[in-house]
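Undergrad: quick one, structure for this:
(4 chains)
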Number of protein chains: 4
Amino acid sequence: MNAATDAAMPEWDVAQWFNTDGPLRLADLRGQVVLIHAFQMLCPGCVIHAIPQARKLHELYGDQGVAVVGLHTVFEHHDAMQPHALLAFIHEYRLSFPVGVDAPSGDGQPIPRTMARLGLQGTPTTLVLDRQGRLRLRHFGHVDDLQLGVALGRLLAEPAVAAD
Amino acid sequence: MNAATDAAMPEWDVAQWFNTDGPLRLADLRGQVVLIHAFQMLCPGCVIHAIPQARKLHELYGDQGVAVVGLHTVFEHHDAMQPHALLAFIHEYRLSFPVGVDAPSGDGQPIPRTMARLGLQGTPTTLVLDRQGRLRLRHFGHVDDLQLGVALGRLLAEPAVAAD
Amino acid sequence: MNAATDAAMPEWDVAQWFNTDGPLRLADLRGQVVLIHAFQMLCPGCVIHAIPQARKLHELYGDQGVAVVGLHTVFEHHDAMQPHALLAFIHEYRLSFPVGVDAPSGDGQPIPRTMARLGLQGTPTTLVLDRQGRLRLRHFGHVDDLQLGVALGRLLAEPAVAAD
Amino acid sequence: MNAATDAAMPEWDVAQWFNTDGPLRLADLRGQVVLIHAFQMLCPGCVIHAIPQARKLHELYGDQGVAVVGLHTVFEHHDAMQPHALLAFIHEYRLSFPVGVDAPSGDGQPIPRTMARLGLQGTPTTLVLDRQGRLRLRHFGHVDDLQLGVALGRLLAEPAVAAD
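TA: The predicted structure is shown next:
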């Protein structure tokens, strides 16, 4: 896994949310360890490894301090991965955690806004924020379960508020 | 795996082909053992098990008498699995064997024509034809590699022409 | 998998049998396709891949023309893999097919007799005989389930007696 | 995984050590998170799941505060799992972390001393101690990588010395 950066995570720019009651902002998740799973519904590595891992994390730790959020960062085959198709995907893969559609660039560039802002290399990318909202882990590609677990366990043990 | 039926396989009704030079008919494959992989691009069981199995079969035995053919039998989430989306899927999953789009019913029924004609229960379904075009194996769900191999090996050993 | 050799399989030289009513000879299996699994109980590749594959073959095809036979070809760590230890291994791994102990060389050489006669490179090695007792497949290392299945299916389709 | 007990871990009673310079005592590991992997070399669940997990943990975290220790708790097939056989097993499975032989009962009982003292149900059993030597996790059977990782990460984040 890549070295942590410790920088504050910039706000995401989401055009549409699924599995939420309304727009979700990073600030709403403050106090929890947040795992953001940037994916594309037609990316094999996402579907075969990262999506099952995100589901498992949500099932096991969703009520124990880990907030799992999917971010559909479509940067290729845009016509095939529109929100109505994503909705079918979410249904078929039984995803129950919040999934946001990364907002299109609006200027004809293929990379959507949050993906561009973060400089993500591709999908799947796993981002982990600590309880204070700082970006602590960032990994492009497959993340090993044991290593992800150790990283999350360490962050779960940290306090939610910075010591004075 | 389900018992073989031995009936002649009815012709498929395909609206559009990918990875072929033109329309493919069952008769074009006579003399080969044919594995038809009925799938939907958003079906998890297809993507995780059946598609990799079909790819492997095509790579290992595509030039040794086994013709692998994908049949995109969309019976749900039709809007999300149109041919342009299938094309993106074929590209991302690097499928190089022929893939046909099962023709829509045309009368508003969700089940496409070939799927209805064959009475398939869902996806993935594996159909295997012998060298004479008879349907010899039909299985809904995951097919074990070892068992599929034994079935194919037996059929490869059969003559292409009926004995008089 | 390695190319088949087509030579007649030489008789094995077995010091002790487990899971049989008495000594088993190759001639006793004539008419069946025979899979000989040469292994060592402390060989990781044997335990993790080849033993489960042999078990599965025996369960699925043991009464359909495939005779699975284990051959314990101990060529290293002899003290740790004596027959009483093999018996515990057979119990723990629930092997129900015949397992023979390849006879020690008798002259202080580490390679046991059948292994030396066949010139096996190591364990696991898979040997497959056709219904007429000829060695048709020989592979050192992991054999893919799909490929093993195709090879066995082809051999199962062959007649038990040579055509005149 | 089973609930943590928080009790102090009783000292192990080891007859012989492999991969150490001399006898290892729990006190020598104080300050580290300790994962004790109780196994038998002929236990399939140990060999297929638990041994590879212990190896991976040692490789990834052995120099980052996690001490992995194998404990050969032989309670059946004693003749087949003597120390000389264990040495061959350690060599074949390339184990480089310390492995101790749980001391035989000495009174003819099959259960060895440390296993009896801890009341272990069988193998594999995973025990995890915190940096202060308290038993915090205890699980009989397969432990999921993600869950083990989270548990270890939490313990790694704890201080080595109790706060006054």
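
Undergrad: count of residues packed around A:G141?
TA: 15 (other Cβ atoms under 10 Å in any protein chain shown). All C-beta spots, glycine's among them, are computed from the backbone N, C-alpha and C.

Undergrad: my guess is it contacts A:G45, does it?
TA: Yes - the pair A:G141 and A:G45 qualifies as a contact (Cβ atoms under 8 Å) at a distance of 7.0 Å.

Undergrad: residues in contact with both of the two, list them for me.
TA: Both A:G141 and A:G45 are contacted by A:P124, under the criterion Cβ atoms under 8 Å, 6 or more residues apart in numbering or on different chains.

Undergrad: geometric centre of chain A: which residue is closest?
TA: A:I36 (1.9 Å; Cα atoms, centre = their mean).

Undergrad: state the distance from that residue to chain B.
TA: 22 Å (Cβ to the nearest Cβ, to the nearest Å).

Undergrad: list the contacts for that residue?
TA: A:I36 neighbours (Cβ under 8 Å, 6+ apart): A:12, A:69-71, A:126-129.

Undergrad: now with 7 Å?
TA: A:69, A:71, A:127 (Cβ atoms under 7 Å, 6 or more residues apart in numbering or on different chains).

Undergrad: cool, A:Q82 as well?
TA: Counting by Cβ under 7 Å, 6+ apart, A:Q82 has no contacts.

Undergrad: and it, what pLDDT?
TA: A:Q82 is assigned 97 on the pLDDT scale.

Undergrad: cool, and A:D164?
TA: A:D164 is given a pLDDT of 55.

Undergrad: again, but for A:D107
TA: The model's pLDDT for A:D107 equals 93.

Undergrad: then A:A15?
TA: So A:A15 comes in at 98 (pLDDT).

Undergrad: ok, the one 10 residues further on next?
TA: With respect to pLDDT, A:R25 scores 97.

Undergrad: so what's it closest to, chain neighbours aside?
TA: A:E11 (6.8 Å; Cβ to Cβ, 6 or more residues apart in numbering or on different chains).

Undergrad: try A:H77
TA: B:A88 (3.8 Å).

Undergrad: do the same with A:F18
TA: Once flanking residues are discounted, A:F18 sits nearest to A:V99: 4.6 Å by Cβ to Cβ, 6+ apart.

Undergrad: now for that neighbour: which residues touch it?
TA: A:18-19, A:70, A:72, A:90.

Undergrad: re earlier: grab the nearest non-local neighbour of the residue nearest to the centre of chain A.
TA: Nearest to A:I36 is A:L127, by Cβ to Cβ, 6+ apart, at 4.2 Å.

Undergrad: quick check: beta-bridge partners of the one you found?
TA: As for beta bridges, A:L127 partners with A:I36, A:R138 under DSSP bridges.

Undergrad: report the contact partners of it.
TA: So A:L127 contacts A:36, A:38, A:135, A:138 (Cβ under 7 Å, 6+ apart).

Undergrad: tell me the pLDDT at A:A160?
TA: So A:A160 comes in at 84 (pLDDT).

Undergrad: quick one: which helix or strand includes it?
TA: Per DSSP states H and E, A:A160 falls between elements, in no helix or strand.

Undergrad: residue contacts, it?
TA: A:A160 neighbours (Cβ under 7 Å, 6+ apart): A:31, A:131.

Undergrad: could you do A:W12 as well?
TA: A:26, A:71, A:100, A:114.

Undergrad: if we use 8 Å, what do you get?
TA: So, once contact is read as Cβ under 8 Å, 6+ apart, A:W12 ends up touching A:26, A:36, A:71, A:100, A:102, A:114.

Undergrad: hang on, the earlier thing: I'd like the contacts of A:L127 as CSV, with pLDDT appended.
TA: Shown next, in CSV, are those (pLDDT from 0 to 100):
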residue, pLDDT
A:I36, 98
A:A38, 98
A:L135, 96
A:R138, 96
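
Undergrad: now for those, which pair is the farthest apart?
TA: The most widely separated members of the contacts of A:L127 are A:A38 and A:L135, with 12.5 Å between them, by Cβ to Cβ.

Undergrad: more neighbours: which of the two?
TA: A:A38 (27 against 19).

Undergrad: thought A:L120 was touching the more buried one, still the case?
TA: Yes - with contact defined as Cβ under 8 Å, A:A38 reaches A:L120; the gap is 5.9 Å.

Undergrad: re the thing from before, three-state assignment of the residue nearest to A:R25?
TA: coil (DSSP: H, G, I helix; E, B strand; the rest coil).

Undergrad: that one: how many residues sit nearby?
TA: 12.

Undergrad: gap between the closest residue in space to A:F39 that isn't next to it in sequence and chain D?
TA: With Cβ to Cβ, 6+ apart as the criterion, A:F39 has its nearest non-adjacent residue at 3.9 Å, and that residue is A:C46. Computed as Cβ to the nearest Cβ, the A:C46 to chain D distance reads 18 Å.

Undergrad: surely A:C46 is within a strand?
TA: No - read with three-state DSSP, A:C46 is helix and lies in no strand.

Undergrad: what is the burial count for it?
TA: Neighbours of A:C46 (other Cβ under 10 Å): 24.

Undergrad: ditto for A:P52
TA: Counted with other Cβ under 10 Å, A:P52 comes out at 15.

Undergrad: quick one: it is in a helix?
TA: Yes - looking at A:P52 with three-state DSSP, it is inside a helix.
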